[in-house]
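[1] Sequence and predicted structure, then a few things I'm wondering about:
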Amino acid sequence: MDFLHRQVGLVQKQLAFVATDPVDWKLYVQLFSWGVCLFETYLLLRQYPLYSKKEPPKALAEHFTPEVFAKSQAYGKDKARYAIISGLYKQVIESALLHYGVYAWAWELAGQLTGKFGYTEEYEITQSVVFTFVTYFASSLPTLPLSIYHTFVLEEKHGFNKTTPALFVADLLKGWLLAIVIGAPALSGFLWVFKWAGDHFIPWLMGFLLGFQIIMVIIYPTVIQPLFNKLSPLPAGELRSRTEVLAAKLKFPLKHLYEIDGSKRSSHSNAYFFGLPWSKHIVIYDTLIKQSKPDEVEAVLAHELGHWYYMHPTKLLLVSQVHLFTILALFPAFMHAPPLLRAFDFPKHVAARPPTIISFLLFQMIITPLESVVSIGMNALSRRFEYQADHFACILADKLQSKDMVDIGDRLGRALVQLHVKNLSTVWVDWLYSAYHHSHPTLTERLRALDAFKAKRE
Ligand SMILES: [Zn+2]
């Protein structure tokens with residue numbers, strides 16, 4: 001602990017200038033965020049021409065009829081065009097909010113609103129919660145037309161949309177309600193820890209956030225998800241018995257096995273597990289059940305159980321804790337820094353005693369480029385985990401000494417191809433685009449790896 005405190009101290013010394021020197025942070029943030037946005041646009045422009053190719057890669061040729069391939073290319077092209085336009089549009093809005101000092105205005109507005117209810121400036125946490133809602137609406141309302149377009153035009157055109165306008169509005173309202181019911185207390189707690197722990201906030205805040213994540217794991221399936229989807233126990237039958245046998249053989253603590261009505265909104269398909277270490281739930285999308293045979297869904301679940309077996313979620317949680325620690329270790333230098341707030345148009349009386357929420361928001365903007373690099377690293381790690389989980393499924397026959405499992409690698413391959421075809425997923429992928437955006441290897445890469453695992457076993 002002492003060693004860590006010393007390191008944090010050294011970092012703070014390096015960053016001491018933030019609290020004293022006037023730096024044009026606003027210009028930096030504008031340049032950074034435009035840099036990230038233009039880089040992402042450049043990646044899309046690299047990817048875009050690949051959607052004009054007339055034939056799939058050789059490895060996939062047998063799985064795609066010319067018709068399906070053409071559909072997948074057209075869908076990819078539309079998605080890429082949408083991504084370019086929406087990316088630039090969002091950036092213009094963010095940039096305008098910064099340029100016109102909307103954050104400083106929102107803080108004043110939040111102060112006036114809370115003042116009306118008798119909460120004076122000492123009630124920083126109350127004002128911070130109101131401020132967060134004001135800025136949330138200021139930045140998300142202008143992008144609402146984008147998600148309407150995405151659901152009702154883009155997805156609709158390619159036959160994926162199942163969301164009705166009524167459902168769309170209901171989802172939106174439920175999302176806002178959740179933000180108030182869960183977001184507001186969580187944010188208050190977060191800011192309170194800063195106040196209470198003072199300069200030694202790092203371990204306390206990490207503990208608080210970890211506790212919050214654990215609570216979410218518990219209440220998400222029981223309270224939150226039922227607001228949006230219906231989870232029903234998977235009916236008895238081949239798929240249910242196959243899954244139960246597989247879970248039992250692997251000693252996976254399966255508590256509940258659900259089917260989810262994902263088809264209510266979209267015909268994209270999936271399966272996943274979640275829960276606490278001693279009580280896990282598996283959820284399978286009704287669309288996946290409809291598209292694939294039970295023995296193929298079983299292979300998909302074997303892949304998912306591979307993630308559990310190698311403790312991938314726990315490892316990702318650990319990595320995210322290290323990431324969080326790094327961010328929190330950098331933050332104190334930005335915490336009591338009047339020049340930082342002045343650079344973003346905050347008036348002198350606010351900048352003199354910077355509210356934690358403001359410092360944290362500005363700090364997050366400043367580290368955007370760092371976060372892009374972290375997300376590339378996280379994607380690389382996640383792709384590695386995907387290969388490991390595929391490998392796990394392939395060696396199940398040896399692991400469980402079970403003859404029924406010998407062909408599970410083939411079944412997984414078939415299921416992946418079907419998922420890909422039904423979802424009209426992109427076939428040709430630019431390597432740089434993929435390295436930046438994809439948390440999963442491409443289908444061609446996965447099939448090639450599955451073949452290699454198989455060759456090794458034989
Ligand atoms: Zn996976």
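    Okay, I see it.
[2] Please work out how many residues are found near Leu205.
    When neighbours are defined as other C-beta atoms under 10 Å, Leu205 has 19 of them. In this view, the C-beta of every residue, glycine as well, is placed from N, C-alpha and C.
[3] The residue nearest to it when sequence neighbours are not counted: neighbour count?
    Nearest residue to Leu205, sequence neighbours excluded (C-beta to C-beta, 6 or more residues apart in numbering): Val193, at 5.1 Å. Using other C-beta under 10 Å, Val193 has 17 other residues around it.
[4] Run the chain-centre distance for the helix or strand encompassing Val193.
    Here Val193 sits within helix 184-197, counting by DSSP states H and E. Averaging C-alpha positions (C-alpha atoms, centre = their mean, to the nearest Å) puts helix 184-197 23 Å from its chain's average.
[5] Quick check: which helices or strands does whatever helix or strand comes next after it pack against?
    Using DSSP H and E, the helix or strand that follows helix 184-197 in sequence is helix 201-219. Applying 3 or more C-beta pairs under 8 Å, 6 or more residues apart in numbering; DSSP states H and E, one finds that helix 201-219 contacts helix 184-197, strand 271-276, helix 312-330.
[6] which parts of helix 201-219 are buried?
    Buried residues in helix 201-219, counted by 16 or more other C-beta atoms under 10 Å: 201-202, 205, 208-209.
[7] Among those residues, which one sits closest to the ion?
    The ion lies nearest to Leu209 out of the buried residues of helix 201-219, by C-beta to the ion, at 25.1 Å.
[8] distance between the lengthiest helix in the chain and the chain's centre?
    Secondary structure of the chain read by DSSP state H shows that its longest helix is helix 66-99. On the basis of C-alpha atoms, centre = their mean, helix 66-99 sits 18 Å off its chain's mean C-alpha point.
[9] Quick check: Leu340 vs His200, distance?
    With the distance defined as C-beta to C-beta, to the nearest Å, Leu340 ends up 22 Å from His200.
[10] From the neighbour counts alone, determine which of these two ranks first.
    Between Leu340 and His200, counting by other C-beta under 10 Å, Leu340 is the more crowded of the two (26 against 11).
[11] Run through the residues of the stretch 251-400 of the chain sitting next to the ion.
    Remark: the part of the stretch 251-400 of the chain in contact with the ion comprises 386, 389, using C-beta under 5 Å from the ion.
[12] Find the residue closest to Val29 in space, skipping its chain neighbours.
    Closest to Val29 by C-beta to C-beta, 6+ apart is Met365, at 4.7 Å.
[13] where does the stretch 201-350 of the chain have low pLDDT?
    Along the stretch 201-350 of the chain, the model assigns pLDDT under 70 to residues 263-269.
[14] ok, which residues in the stretch 1-150 of the chain are in contact with the ion?
    Counting by C-beta under 5 Å from the ion, no residue of the stretch 1-150 of the chain is near the ion.
[15] Now do stretch 156-175: distance from first to last residue.
    22 Å (C-alpha to C-alpha, to the nearest Å).
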